[in-house]
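> Fold the following.
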Amino acid sequence: MALETLDRIQLRIDGAPAISDENRRELTALVQQLRSEIECLPESQSEDARSLVGFAELSAFEATREATSPELLEAGLKGVEGMIFRFEERHPRLAKVAGDFAMAVGRMGF
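As a prediction, this is how the structure comes out:
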C-alpha cells in the first residue's frame, strides 16, 4: 500500500505544470529514495510506512495544486515530521529522506 501511494505521489509530481524541472528532479529523486528505504522496512512497520507516505501524499498534493491551502499543506508537513520522530532511531536514513522530502515540498508550497 505504501508503495502504491508513492506511485501516486510520483504521478502528481510528473503531472504538475507549476513545478520547475529542478524541483521535479529533486522530488523524483526523493520519492525514489523513500521507496528504497520503505522497501527495506520489516512488515511490522508497514502501518507506520503507510502513515508516512500518506502525509507525504497530502503534502505533495497541496503543494502542487492550483489553489494551495497553506493550512492543509502545513498539516501534511507536520504529519511527515511526526512520522520522522517514529523512524529516526531505528531507520535514520528513512527519517532523513522524509525530512528532505518535507523541506522540498514546503519550499514549493510557501
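> Need the residue closest to the centroid of the protein.
By CA atoms, centre = their mean, the chain has its centre lying nearest to Ala56, at 3.1 Å.
> burial measure for Gly99, as a count.
16 (other CB atoms under 10 Å). Bear in mind the C-beta positions are built from the backbone N, C-alpha and C, glycine included.
> got it, and Ser44?
7.
> ok, it to Gly76 distance?
Using CB to CB, to the nearest Å, Ser44 is found at 25 Å from Gly76.
> Look at Ala63 and report its pLDDT.
Ala63 carries a pLDDT value of 89.
> For it, give me its contacts.
Contact analysis of Ala63 by CB atoms under 8 Å, 6 or more residues apart in numbering lists Leu73, Val105, Gly106, Met108, Gly109.
> Residues in contact with whichever helix or strand the second one is part of: which ones?
Okay, so that is Val105. Element membership for Val105 (DSSP states H and E) is helix 92-109. Contact with helix 92-109 is made by 19, 23, 26-27, 30-31, 33-34, 37-38, 41, 52, 56, 59-60, 62-64, 68, 70, 73, 76-77, 80-81, 83-85, 87-88, as judged by CB under 8 Å, 6+ apart.
> send the alpha carbons of stretch 25-41 over as PDB?
What follows is stretch 25-41, C-alpha atoms only, in PDB (Å, rounded to 0.1, in the frame of the first residue of the first chain):
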ATOM      1  CA  ARG A  25      14.100  16.200 -10.500                       C
ATOM      2  CA  GLU A  26      14.700  16.700  -6.800                       C
ATOM      3  CA  LEU A  27      11.300  15.400  -5.700                       C
ATOM      4  CA  THR A  28      11.600  12.400  -8.100                       C
ATOM      5  CA  ALA A  29      14.900  11.500  -6.600                       C
ATOM      6  CA  LEU A  30      13.500  11.800  -3.100                       C
ATOM      7  CA  VAL A  31      10.400   9.700  -3.900                       C
ATOM      8  CA  GLN A  32      12.800   7.000  -5.300                       C
ATOM      9  CA  GLN A  33      14.900   7.200  -2.100                       C
ATOM     10  CA  LEU A  34      11.700   6.900   0.000                       C
ATOM     11  CA  ARG A  35      10.700   3.800  -2.000                       C
ATOM     12  CA  SER A  36      14.100   2.200  -1.500                       C
ATOM     13  CA  GLU A  37      14.100   2.800   2.300                       C
ATOM     14  CA  ILE A  38      10.400   1.700   2.700                       C
ATOM     15  CA  GLU A  39      11.100  -1.500   0.800                       C
ATOM     16  CA  CYS A  40      13.700  -2.400   3.500                       C
ATOM     17  CA  LEU A  41      11.300  -2.000   6.400                       C
END
